[in-house]
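> From the sequence below, what's the structure:
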Amino acid sequence: MQLCPPTAPRLLRRSHGIKPSAQAGPWPIRQHLKQPLGSVFDRRAVIAGSAAASSMSVSAVALEVVQHSPTVDTRESSRTTPQPAEQAQQSSEKFNWQQSWYPVAALTSLKSDAPNAVYLLGTRLVIWQDKQGTWRCFEDLCPHRLAPLSEGRIHESGQLQCTYHGWTFNEQGNCTSIPQIADTKAHQTACSSSRACVKAYPTQVFQDLLWVYADSSPPTWAAAAAGKLGLPPAASPDIVHKGWELKRPWFQRDVPLSFDVIMENLTDPAHVAHSHHGVIGSRHSDHRMDISLQGPVTIAGFKTLVTPAAAGIPPYEVTFTAPSLVRWERSPTLTLNMVPTRKGWSRIMVTFVGPKDSDRSRPHIPGLPPLVGFMLDSLDKHIWLQHIMSSNPVIDGDTLFMHAAERTLYERGDHTSWSKQYYMPATADVAVMAWRRWMDKFGDTLPVLPQSAADLPPTLPREQVFDRCGAGGLGACIVCVSRAFLDLVTVWGLRCCQLSKGRWMVLLASHFCREAIVASLNKSIHDQE
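Presented below is the predicted three-dimensional model:
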């Protein structure tokens, strides 16, 4: 594990407080692709696999993960009102959102030859890679005239250059060049001023993600230099402690939902069958389930046990680890990281994690014909097809009505008013209640947590809610663009090699037949019921 940049005393004395702004641009898509991500484990789920994830380096530093001894709760009917036993642990302690690691981007989504813009806790940041291959993170503004450095370039020297007036900054955020000053002494004096520095944040690469520590204060840099910041608590404990691996590359997308609302969805298994009908669930299936809290809700997170009534689906745990990790502990484990980017916006990251000796990259689906399973696995080895036919449709499933529900919630009250506005009589809502109590008790200092509807961006039209590539105004999915190009070149190459017309058509058709397979499978399951 490598932290960067090293301490720079001059850098540590300066501070900036500029708030960024951006607008999301529209990206029209087919309106019927509307399926989200909170729930990938219905027994009729059809989630395709992907190629094995790239190798990763796991540090020996111990990861602090919340572990409670599970308590066995008596199973109640799914129509039973939850009891008040699931109360947040009584404490005046608040979660420190600034002093924590966040996965701001999947490595596959970052451009190494140009600056990358990201948001974290309401602050716009710029990510760039230096000559040594180390990822750096600065506040995304030039101290000269506040131009965004993410619109700059990587200078021939390997440093970050603002393309407004050409100011250049080294790995520590120190200014090294002001082209407009000719006098050597004056140039040195100006560059050495703390006002010429850019605010820098510690970074580390772990589990194929770029993590940024949200505090740039001198004590934080001192801790970074001493190696005391450790591994991210929101890193996958399955990889850290069990030696598991990623079973598919990370998928990421920005969604027009506040952090509290999208996390509420990701901890809620009960919505799968209806929200994701026809994609990874079926509204005709048995939806009954009991969810019980396993141990107290603490500042570090909580754990729930999900017990479906449907035959063939064993109980499984859904856990939340502050600040951003949700895990659905099936085989393989669905691993989700949510990043609080701005008010009304969040970034979601999804993968599956499993044992190295297992080739399973998606949940087991009871009754799935082996041939269909093989075809699904083969199709989803093409990452761009996986995004188009699986990952994005899942997220689309409930984003639109969550976007509307969020505004209703904050028009009628603040984030604590959920207990009066929501009517949740079933034990299936226990996980949502646990999350909301965690936010009320420990997380209400989140910088991007709305206090009223006035804090939210205007309601977006349908086309912008389903914006897949330019979501949040931060650019297209370079994974889809590059991989799609390679796949199309491959198909073209096979055709040029005089592959018979029949075989070429079969190969091309196999790329685009997943929707028909999914529809047929869902119909078959429904007929069996």
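> May I have the beta-bridge partners of R124?
Legend: beta-bridge partners of R124 under DSSP bridges are Y119.
> In this structure it contacts C137, no?
No. If you go by C-beta atoms under 8 Å, R124 and C137 don't touch, sitting 11.3 Å apart. Heads up, the C-betas are built off the backbone N, CA and C, glycines and all.
> Stretch 113-124: end-to-end distance?
One end of stretch 113-124 sits 19 Å from the other (C-alpha to C-alpha, to the nearest Å).
> which outside residues touch that stretch?
The contact list for stretch 113-124, computed with C-beta atoms under 8 Å, 6 or more residues apart in numbering, reads 19-20, 22, 97-98, 102, 104-105, 110, 125-128, 139-141, 148-154, 160, 212, 214, 339-343, 345, 347, 446-448, 472, 474-475.
> So among these, which ones count as buried?
Applying 16 or more other C-beta atoms under 10 Å to the contacts of stretch 113-124, the neighbour count classes 20, 97, 102, 104-105, 110, 125-128, 139-141, 148-150, 152-154, 160, 212, 214, 339-343, 345, 347, 446, 448, 472, 474 as buried.
> Narrow those residues to those in strands?
Among these, the ones falling in strands (DSSP state E) are 102, 104-105, 125-128, 139, 153-154, 160, 212, 339-342, 345, 347.
> Could I get the pLDDT score of A60?
On the pLDDT scale, A60 is placed at 31.
> likewise H187?
As summarised for this prediction, H187 has a pLDDT of 97.
> For it, list the residues it contacts.
178, 181.
> Could you look up the SS state of it?
Secondary structure, DSSP: H, G, I helix; E, B strand; the rest coil: H187 is helix.
> how close does it get to G166?
Distance, H187 to G166, using C-beta to C-beta, to the nearest Å: 13 Å.
> and what of V240?
Applying C-beta to C-beta, the value for V240 to G166 is 44 Å.
> Give me the more crowded residue out of these two.
The residue with more neighbours, out of V240 and G166, is V240; 21 against 15, by other C-beta atoms under 10 Å.
> quick one: the helices in the stretch 301-450 of the chain?
370-379, 383-386, 392-412, 418-421, 430-438 (DSSP state H, counting those that start in this stretch).
> Now render those helices as CSV, adding mean pLDDT and distance to E245.
Listed next are these as CSV, based on pLDDT from 0 to 100; distance: least, C-beta to C-beta, whole Å:
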stretch, mean pLDDT, distance to E245
helix 370-379, 61, 17
helix 383-386, 67, 17
helix 392-412, 86, 22
helix 418-421, 94, 38
helix 430-438, 95, 27
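> just those helices: most buried one?
Across these, averaging neighbours per residue (mean count of other C-beta atoms under 10 Å) puts helix 430-438 on top, at a mean of 24.
> Go through the next helix or strand after that one and flag the buried ones.
Using DSSP states H and E, the next helix or strand after helix 430-438 towards the C-terminus is helix 462-465. Buried residues in helix 462-465, defined by neighbour count with 16+ other C-beta under 10 Å: 464-465.
> now the helices of the stretch 301-450 of the chain as TSV including distance to E264?
Shown next, in TSV, are the helices of the stretch 301-450 of the chain (distance: least, C-beta to C-beta, whole Å):
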stretch	distance to E264
helix 370-379	30
helix 383-386	26
helix 392-412	8
helix 418-421	8
helix 430-438	6
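> just so I know, which of those helices lies nearest V326?
V326 lies closest to helix 430-438 among the helices of the stretch 301-450 of the chain, at 9.2 Å (C-beta to C-beta).
> So for K199, what pLDDT did the model give?
Per-residue confidence (pLDDT) for K199: 97.
> What residues does the closest residue to it other than its chain neighbours make contact with?
Leaving out its chain neighbours, the residue that sits closest to K199 by C-beta to C-beta, 6 or more residues apart in numbering is E139, at 4.1 Å. By C-beta under 8 Å, 6+ apart, the residues touching E139 are 16, 18, 123-126, 198-201, 216.
> And those, which of them are buried?
If we count by 16+ other C-beta under 10 Å, these have these buried: 123-126, 198-201, 216.
> if we take the residues you listed, which one ends up nearest to E171?
Closest approach between the buried ones among the contacts of E139 and E171, by C-beta to C-beta: A200, at 8.3 Å.
> so which of the helices of the stretch 301-450 of the chain comes closest to T220?
Across the helices of the stretch 301-450 of the chain, T220 has its closest neighbour in helix 430-438 (24.6 Å, C-beta to C-beta).
> What is the closest one packed up against?
helix 259-266, strand 289-293, strand 301-308, strand 316-321 (3 or more C-beta pairs under 8 Å, 6 or more residues apart in numbering; DSSP states H and E).
> now the angle from it to strand 301-308?
Put simply, helix 430-438 runs at 170 degrees to strand 301-308, going by axes from the mean of the first three to the mean of the last three C-alpha atoms, to 10 degrees.
> for this structure, what are the low-confidence residue spans?
Where the chain drops to pLDDT under 70, the residues are 1-91, 273-283, 362-390, 468-529.
> Can you name the next helix or strand after the strand or helix carrying I239?
Using DSSP H and E, I239 sits within helix 237-242. Downstream of helix 237-242, the first helix or strand assigned by DSSP H and E is strand 245-246.
> So in that sheet, which strands flank that following strand, and in what orientation?
Sheet pairing of strand 245-246 (DSSP bridges) gives strand 345-354 (antiparallel).
> Cheers, nothing more for now.
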